[in-house]
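Peer 1: Let's see this in three dimensions:
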Amino acid sequence: MPALITLILLALTLIAVIALHLFAPLRRSSWAAAAIGSLAAWGSVFFWQISLPALLPVGSWRPVSLFAVSPALKVDALAWVYALSLTSLAAAVIFTSSAQTETSVWAWAGSLTLTALGLLAFLSDNPLTLVMIWTALDLTDALNTLRSASDGAMSEKAVMSFSVRAAGTGFALWASVNNAMLGAPFLFENLRPQSAVYLLIAVGLRVGVLPLHLAAEPQMRRGFGSALRLTAAASSLALLSRLPQVGLTETSLLILQAGALLAALYGSWKWFSGQEDVLSLRPFWLIAVSALALLQAAGGNGAGAAAWGCVLVLTGGGVFLAFARQRWLQVLLSLLVLFSLGLPFSLTGTVWLADLPWFLALPALLAQAMLLAGVFFFLWRSSGPAWEELPQWARVSYPLGLSLLPLTALILGLWGWPGALRLGNWPVGLAALALTTGLLTLRWRFWPQSAPGQSAPRQSRLYQIQARLTAAVGWLYRFIRRASFFLVGLLEGEGGLLWILLTLVIFALVFKA
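Peer 2: Alright, predicted model coming up:
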């Protein structure tokens, strides 16, 4: 199976990188192994097209009476498009790390591990398998954030962010229960519309759209931190294209779309008006693109949702990994913005085919234009080292890694999946191009500028409201933590047994009454 070859290549590369680091501690040899292995994994994904669709052999859980559904993997066009995007991101992360002095061997190993987990998430043939991969990614994210947290506030934010994503996983598990109650096994092809609603809510919770929340963002490294965030979000968005037509009432569907639209407008506005460093805007990128994908899925356009998922990985990878000033490379990366506009025969040629009311379609188009105008602005803003300051070998590997991202976007727009070679809704694509150009002109010529890394002088009112809500949730979390510590200390003390007996007596009196 070609998909197994990709997973084996990633595993062998991971072993080689760690072995070279332990027994031949020469940084360049470990980097070369990681770079060659990641590039080979990217190339091997093209061979998936030989046998599509295909099931990968996975053992069944026993007994069957207890486990009606076992973990299963399936290679299809949706898995292929996400796999090609994610492996190109992994190769870009490793190749561009040659120009960064703070990267380590463990960051390369972590990127390879995340890529393997992401591929397993895309290959998941049923929600049970996907939930298991989600849990592994959530634990990786939480442990890495807690390890990198500089203060207690960041640790609390990491715990709350993990709790919200875990709640999303809980909704996915409840979907399995609901599907079983309706007499169907928990498989994507057998999902009832009532169960699909819970999976839609699960995706919204996991990516931070419904309700709006930001993932914990310590000062993480440019490469590994971006790979972690983008992989976790893409693994959630991949579910959107597998859902059947969501059986919502017209009112409920309108509320869901309005909530996703507000999140998209908020995240896009932060990008359009942002004065911060590009990495500090990373959570808003995840929110905005995920909300646009959710809008497509709610409207029944699974191909459009997959296209936005690839935009999240490829365009996001381009803007977060690029940091050196070089004109021709900035022009090349700007193609990612062009491929994200919804123009014919591009990666996003299938977007905006969803049946959205005009009063939702127009703000969604504005959100897309603001987001991409902000991305283009940050790609061209001079904030990194000059090209001449890079090491000699990095002047080859750094542009090679970044070039993989627009190359992959071009390939996906022209070949290999149900969204390729589509004319799409070309008037809307042209309107998005015109609106993005106008907003970019406004941003570049008339918007107040600040130095890179300097925060804007004023925060938006929506951001202030969100900060108050976050503080309120943090207070509730600290109160529950203190209360739990108090109860544990009370029960573990010398009088703990007496308190337990007293509680039992009180319960007995209450139930007797």
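Peer 1: in the stretch 251-400 of the chain, which segments are predicted with low confidence?
Peer 2: When residues are selected by pLDDT under 70, those of the stretch 251-400 of the chain lie in 382-384.
Peer 1: show me the contacts for residue 77.
Peer 2: Shown in contact with residue 77 (CB atoms under 8 Å, 6 or more residues apart in numbering): 52-53, 416-418. For every residue, glycine as well, the C-beta is placed using N, CA and C.
Peer 1: Let me have these in TSV, adding secondary structure as columns.
Peer 2: Supplementary listing: the contacts of residue 77 in TSV, determined by DSSP: H, G, I helix; E, B strand; the rest coil:
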residue	secondary structure
52	coil
53	coil
416	coil
417	coil
418	coil
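Peer 1: List only buried entries from the residues you listed.
Peer 2: Buried residues within the contacts of residue 77, defined by neighbour count using 16 or more other CB atoms under 10 Å: 52, 416-417.
Peer 1: tell me which of the residues you listed is nearest to residue 310?
Peer 2: Ranking those by separation from residue 310, with CB to CB as the measure, puts residue 417 on top at 9.3 Å.
Peer 1: Mind listing what's buried along stretch 265-285?
Peer 2: In stretch 265-285, counting by 16+ other CB under 10 Å, buried: 265-272, 274-276, 278-279, 281-285.
Peer 1: Centroid-nearest residue for this protein?
Peer 2: residue 233 (1.7 Å; CA atoms, centre = their mean).
Peer 1: Helix, strand, or coil at that residue?
Peer 2: Under three-state DSSP, the three-state class of residue 233 is helix.
Peer 1: That one against residue 286, yeah?
Peer 2: Yes - if you go by CB atoms under 8 Å, residue 233 and residue 286 touch, sitting 4.9 Å apart.
Peer 1: Overlap in contacts, those two.
Peer 2: What both residue 233 and residue 286 touch, as defined by CB under 8 Å, 6+ apart, is the set 207, 312.
Peer 1: mean confidence for stretch 199-215?
Peer 2: Summarised as a single mean, pLDDT over stretch 199-215 is 75.
Peer 1: again, but for stretch 98-111
Peer 2: Here the average pLDDT along stretch 98-111 is 79.
Peer 1: distance between the ends of that stretch?
Peer 2: 14 Å (CA to CA, to the nearest Å).
Peer 1: which residues sit against it?
Peer 2: Outside stretch 98-111, the residues touching it (CB under 8 Å, 6+ apart) are 14, 17-18, 21, 27, 30-31, 34-35, 38, 90, 93-94, 97, 144, 221-224, 227-228, 323-324, 390-391, 393-394, 397-398.
Peer 1: residue contacts, the residue nearest to the centre of the chain?
Peer 2: Residues near residue 233 by CB under 8 Å, 6+ apart: 206-207, 286, 289-290, 312.
Peer 1: so how far is residue 2 from it?
Peer 2: Using CB to CB, to the nearest Å, we find residue 233 at a distance of 26 Å from residue 2.
Peer 1: Repeat that for residue 402.
Peer 2: Between residue 402 and residue 2 the computed distance is 26 Å (CB to CB).
Peer 1: Pull the distance from the strand or helix carrying residue 329 to the chain's centre.
Peer 2: For residue 329, the element it lies in under DSSP states H and E is helix 327-339. Put simply, helix 327-339 sits 22 Å off its chain's centre (CA atoms, centre = their mean, to the nearest Å).
Peer 1: Equivalent analysis for stretch 163-181, please.
Peer 2: Using CA atoms, centre = their mean, the offset of stretch 163-181 from its chain centre is 19 Å.
Peer 1: cool, stretch 107-120 as well?
Peer 2: 14 Å.
Peer 1: do stretch 264-271 as well
Peer 2: Averaging C-alpha positions (CA atoms, centre = their mean) puts stretch 264-271 16 Å from its chain's average.
Peer 1: Same question for stretch 32-47.
Peer 2: Stretch 32-47 has its C-alpha centroid displaced from the chain centroid by 22 Å (CA atoms, centre = their mean).
Peer 1: What average pLDDT does it get?
Peer 2: For stretch 32-47, the per-residue pLDDT averages 94.
Peer 1: Contacts for that stretch next, please.
Peer 2: 2, 5-6, 9-10, 12-14, 16-17, 20, 80, 83-84, 87-88, 90-91, 94-95, 98, 108-109, 111-112, 115, 397, 404.
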